[in-house]
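Student: here is a sequence with its predicted model. Questions after.
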Amino acid sequence: MADRTVLIVGAGPAGTRAAERVAAAGLRPVVVDEAAANGGQIYRRQPAGFRRPAQTLYGFESGKAVAVHGAFAALGDRIDYRPLTLVWHLWESEAHLLTGTTASRQQYDALILATGATDRIMPLPGWTLPGVFSLGAAQIALKAQGCAIGSRVVLLGTGPLLPLVAYQYARAGATVAAVLDTSTLGAAIRALPALAARPGMLAKGLYYTAWLLKAGIPFHRGITPTAIEGTDGVAAIRYRTADGIERQVACDAIGLGYGLRSETQLADLARCDFAFDAVARQWLPATDADGRTSTPGVYLAGDGARILGADAAEIAGKLAACAALQDLGIAVPDAEMAAYRAALAPMDRFRVGLDTAYPWPAHFAAGLPDTAVVCRCECITAGDIRDVAREKGAPEVNRAKAFSRLGMGRCQGRMCGAAGAEVLADALGVRLEEVGRLRGQGPVKPLPLATGIAP
Amino acid sequence: MSTPVAADVIVVGGGIMGAATAFFLRQRGVKVVLLERGLVGQQASGTNFGNVRRQGRFLPQVPLANRSRGIWGRLNELLGEDAEFIATGHVRVCFRDEEVGGLEAHAAAVREYGLDLEILSGNALRDRFPFLAPGAVAGSFSPLDGHANPRLAAPAFGRAALRAGATVVENADVVGIEKTGDDFLVETVGAGSYRAPVVQISAGVWGGVLSARFGEPVPIVARGPQMGVTEPMPYRITPVVGVYSSVPEEGIYFRQVKRGNIVWGGGWRGPALPDIQRAYVDPMNTLRQLPMLRRVAPALGALRTIRTWSGIEGYLPDDIPIMGPSGKVPGLFYAFGFCGHGFQLGPGVGDVMAELIATGTTSTPIAPFSITRFATP
């Protein structure tokens, strides 16, 4: 039994807890992670030589960060840890790995995908100017390197990350020129019953907002961004207030994001079934309550399955590990799995609450000018997408991609896919789910042509 | 059942062969229905390399390729859409002295068919194409060949056929096809039924299932080309490049599109599953292709692959297609199974098939491609 290989992709909260649980069963899992150090994005480690304390780096979450880092460190040699390694493809129960420019393969009996999430982006005119970062990237710059993205920063979008990043920037001494939130106070109030499923999280969100207001940082809700101005870089953001008044804020950098989207390409390459998730407005791999996908031996945990956040990811990691162990014929106490499932239940209610409070502004897609770039890798505009929808009869996203190159660039639709699908659905006058989803194709991220096969 | 829609010709399969046939039939005033199970040009026609290459072909196919090349040259005016055809030239290079003779012999043979190739060797070859590795011994350059965008060409034919008056029905899965009296009756799922005295089967690898229903089974198999594309870089590699080698795995080919990306394929084929309409790239094949690309053009080693893909192609044991009239059923025609080299031929096949169907004969020889070569006595 001990020769069974459990491969875990990702060393964030979900991957760490999955590895811990598999190791506890006496197996030695392989943990592959793209980063140089474990922790994932949320508990990202600072580079060697940086000495900020955990409290500075992770704030209220420092206790959890330290615990997750400690749990990983304690695993030591009981796991086969491969940092700086990308799983670029999956094929016949083997993961194709890339470390630098060396390719290798790793067979697995069970595969736990804990691949996390990236920012969800809704484009606007000017978003490709130098100085525009995703909200998550703005946070990483601060967390990893102690850098701000600019000297006068606007944070734009919606979601729990928006006030948090603003708070972290302001606390770190950066000038936050404004926080521009597209969601409304009314929506937040409507979401309160669902958000009350996790009172601690709700309280932290309120704290950040209150702190920003007290610090005198302009915080505007219900706004509609119009354009980012500038020639060689960001000079200002233009927006409309909730009352319809045009405003402009001078700034030299913008952090932009509307919540998160699950990273699902590996599940796609594992040929898992997907289902449309109306809350996320994203096609997500279908799983059972424990993280089992439709592909035998493939499991999902954490934000890569659904955006439930780091606390839920830790539980989901353990639960998916239990499911994998069980399917490998290793006894797992029923009560343990039942406890994880019970702990996850309020998280899902909270997820619905978050989406109510901070809705993805799907309707902005319809208002994008034809000249606005949607796919930044290939420079495909909203007008290009509308043209292939209306003039060339593309009824779904893969056809739109074939005709227009939308999502054909370096990011393979990871950045532009969500908004591109919204623009297409709007142009066709159909619901988002009717335009389907981009088919996943390897490599998950660019593969150097200099790559050689490990001997 | 509702009354079948009547036409002169029903074309089953809307790849580039079927779409071009429908277009050229309309040019001849024939009433045509094009039935496509999915979307026009979505399978092999839309996923291939995009080569508009005549050199290196089976010799009796060169007249057909020449006719097709003529159409490629005026495709935009013919269709009113841009399929991104550019006559960049096509160069086949070899890396072994003993292979030079093969290139020279081919050049001499195709000259008989009006295709002029230029043989370059050593420094002259590398002066002309400085991206080639020092190990390239000789090359055969076909100046009027080039490449086009496979994602655009077949759909452009489909839309042009529609504008010219063809009935083009997508999402029309043909489930029944039989000849009753003088007419064929074709039934689809959810897209009605159709009646015509002439049917053309141009359904790629799926054509074999249909020909078998008419008593003409063929030993066709499905395979997927192993394609890849790099991130864009400045436009430097003008011609399409292919390797001429006695070792099949060395047979890599690539082209740079004006946007800057380098598209490649060759060497290996992957699994294709016609039943679920999916074909895959085996990642090991991608990894094996990389050193073959670097062998031809070392500078490619500085780039990164951003995507790989495949498609479902139909291959026959003699590596040439099935094209022409049925050997058994009057009014039935075939154009399928182009063995991974059909894209260049597509416009010519459509033109020839339309001529054959409308006039009963064609000026371009296609006898070697007759389905009767697989007939069992």
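Tutor: Thanks, I have the structure now. Only a predicted model underlies this, so the values are computations on that prediction, with no experimental measurement involved.

Student: got the CA coordinates for stretch A:427-443 in PDB?
Tutor: This file holds the C-alpha atoms of stretch A:427-443, laid out as PDB (Å, rounded to 0.1, in the frame of the first residue of the first chain):
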ATOM      1  CA  ALA A 427     -23.500  40.400 -28.300                       C
ATOM      2  CA  LEU A 428     -25.400  37.200 -29.100                       C
ATOM      3  CA  GLY A 429     -28.200  38.100 -26.600                       C
ATOM      4  CA  VAL A 430     -27.900  34.700 -24.800                       C
ATOM      5  CA  ARG A 431     -27.200  33.700 -21.200                       C
ATOM      6  CA  LEU A 432     -23.500  33.300 -20.300                       C
ATOM      7  CA  GLU A 433     -23.700  29.500 -19.900                       C
ATOM      8  CA  GLU A 434     -24.900  29.200 -23.500                       C
ATOM      9  CA  VAL A 435     -21.600  30.400 -24.900                       C
ATOM     10  CA  GLY A 436     -19.800  27.500 -23.200                       C
ATOM     11  CA  ARG A 437     -16.200  27.500 -22.000                       C
ATOM     12  CA  LEU A 438     -12.800  27.600 -23.600                       C
ATOM     13  CA  ARG A 439     -11.400  24.100 -24.000                       C
ATOM     14  CA  GLY A 440      -8.200  23.600 -22.100                       C
ATOM     15  CA  GLN A 441      -5.100  22.700 -24.000                       C
ATOM     16  CA  GLY A 442      -1.600  22.100 -22.800                       C
ATOM     17  CA  PRO A 443       0.700  23.600 -21.700                       C
END
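
Student: what's the offset of it from the middle of its chain?
Tutor: From the chain centre to the centre of stretch A:427-443 is a distance of 19 Å (C-alpha atoms, centre = their mean, to the nearest Å).

Student: and that stretch, which residues are buried?
Tutor: Judged by neighbour count using 16 or more other C-beta atoms under 10 Å in any protein chain shown, the buried positions of stretch A:427-443 are A:Ala427, A:Leu428, A:Leu432, A:Val435, A:Gly436, A:Arg437, A:Leu438, A:Gly440, A:Gln441, A:Gly442, A:Pro443. All C-beta spots, glycine's among them, are computed from the backbone N, C-alpha and C.

Student: what does that stretch rub up against?
Tutor: A:88-89, A:96, A:98, A:264-265, A:268-269, A:274, A:276, A:278, A:281, A:283, A:362, A:385-386, A:389-390, A:395-398, A:400-401, A:407, A:412-413, A:417, A:421-422, A:424-425, B:281, B:283, B:286, B:305-309 (C-beta atoms under 8 Å, 6 or more residues apart in numbering or on different chains).

Student: and what of stretch A:360-371?
Tutor: A:120, A:122-125, A:158, A:182, A:224-225, A:258-259, A:281, A:374, A:381-383, A:386, A:418-419, A:422-423, A:425-426, A:432.

Student: distance check, A:Ala316 against chain B.
Tutor: Distance from A:Ala316 to chain B, counting by C-beta to the nearest C-beta, to the nearest Å: 28 Å.

Student: re the thing from before, using pLDDT, spot the least trustworthy of the buried residues of stretch A:427-443.
Tutor: Within the buried residues of stretch A:427-443, A:Gly440 has the lowest pLDDT, namely 89.

Student: which helices and strands does the helix or strand A:Gly255 falls within pack with?
Tutor: According to DSSP states H and E, A:Gly255 maps onto strand A:253-258. Counting contacts by 3 or more C-beta pairs under 8 Å, 6 or more residues apart in numbering or on different chains; DSSP states H and E, strand A:253-258 packs against strand A:117-119, strand A:132-134, helix A:135-145, strand A:152-158, helix A:161-171.

Student: mind checking the ones you listed for the one nearest to chain B?
Tutor: Proximity to chain B (C-beta to the nearest C-beta) singles out strand A:117-119 among these, at 16.8 Å.

Student: burial of A:Val279, as a residue count?
Tutor: By other C-beta atoms under 10 Å in any protein chain shown, 15 other residues sit near A:Val279.

Student: wait, it touches A:Arg349, no?
Tutor: No. Applying C-beta atoms under 8 Å, one finds A:Val279 not in contact with A:Arg349, separated by 10.9 Å.

Student: mind checking the SS state of the residue nearest to A:Ala196 when sequence neighbours are not counted?
Tutor: In this structure, A:Ala196 finds its nearest non-sequential neighbour in A:Leu202, 6.4 Å apart by C-beta to C-beta, 6 or more residues apart in numbering or on different chains. Using DSSP: H, G, I helix; E, B strand; the rest coil, the structure places A:Leu202 in helix.

Student: again with A:Gly442
Tutor: coil.

Student: using the three-state scheme, assign the nearest residue to it once chain neighbours are set aside.
Tutor: Closest residue in space to A:Gly442, ignoring its immediate chain neighbours: A:His89 at 3.8 Å, by C-beta to C-beta, 6+ apart. State at A:His89, reduced to three classes by three-state DSSP: strand.
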